[in-house]
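K.L.:
next come a sequence and a model predicted from it.
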Amino acid sequence: MRRISIYPVLLVMLAACGAKPDAAGTADSAAAASPAVAAAPVAATDVIPSTTFAPALGVDIATMTKTATGLYYKDLVVGTGAEATIGTTASLNYVGTLPDGTQFDASNGRPYSFRIGDKRVIQGWDDGVPGMKVGGKRLLVVPSEQGYGANGNGPIPPNAVLVFSLELVTVQ
C-alpha cells in the first residue's frame, strides 16, 4: 500500500490563505515589502499623478521614483555621509506642504530626529528616509494613506497628499 503525504496539501492550503484577492481576483501585490519597511496597502487609485502641484514645489512626478507603497521620491542632492537605514536615528531639516504650496510645518533650522522604523512618524517618512545619506536632499510626495489619511491633522485636510523637502543632517 502506498502512503500519501499530507504535507504538500497543507502547504498549498496555507499558501492560499496568505494572498488576498483584489477586485480583479488576483493576488494583492501591495503586500510585497518595500526596500524600507513592510508595505502598507496602496490606495485603490493612485491620485498623485493627477494631482496639481504648485510650480514652486518643483514636483515633476514623471521624473520621480514610485515605491511599492505608492510613495514618490526624488533625490535632489545625493549625500556623501552615513546612510540612513531602518533602526538608525535620522536628524532632518524639513518643510512640509500641501500640493497647492501651503506650508503646514517646518523644522526652521532645528533638525527633527526620529528612529527609522519605530512608527513614531508618518509612514511616508519611515519609507522615504532610508537610503538617504548625510548631506542629501530628497523630495517626497506622500499619498494620504502614508500621511494623515481620512482624518487629517490640524491644518492638514482629510485625504491630503503631502509634499516634503528633506535634508538629512545626521545619522546615528
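P.N.:
That came through, no problem.
K.L.:
quick one: the strands in this protein, in order.
P.N.:
Secondary structure of the chain (DSSP state E): strands at 65-66, 72-77, 89-97, 103-106, 112-115, 137-142, 162-171.
K.L.:
pairing partners for the fifth one, with directions?
P.N.:
Sheet pairing here is set by DSSP bridges, and for strand 112-115 it gives strand 89-97 (antiparallel).
K.L.:
with the longest one instead?
P.N.:
According to DSSP bridges, the neighbouring strands of strand 162-171, each with its direction, are strand 89-97 (antiparallel), strand 137-142 (antiparallel).
K.L.:
now do the buried residues in the first one.
P.N.:
The neighbour-count criterion (16 or more other Cβ atoms under 10 Å) identifies Ala90, Ser91, Leu92, Asn93, Tyr94, Val95, Gly96, Thr97 as the buried residues of strand 89-97. Where C-beta positions appear, they are placed from N, C-alpha and C, glycine not excepted.
K.L.:
circling back to that earlier point, reformat the strands paired with strand 162-171 as TSV; add distance to Ala54 and mean pLDDT.
P.N.:
Formatted as TSV, the strands paired with strand 162-171 follow (distance: least, Cβ to Cβ, whole Å; pLDDT from 0 to 100):
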stretch	distance to Ala54	mean pLDDT
strand 89-97	8	98
strand 137-142	12	98
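K.L.:
kind regards, and thank you for your time.
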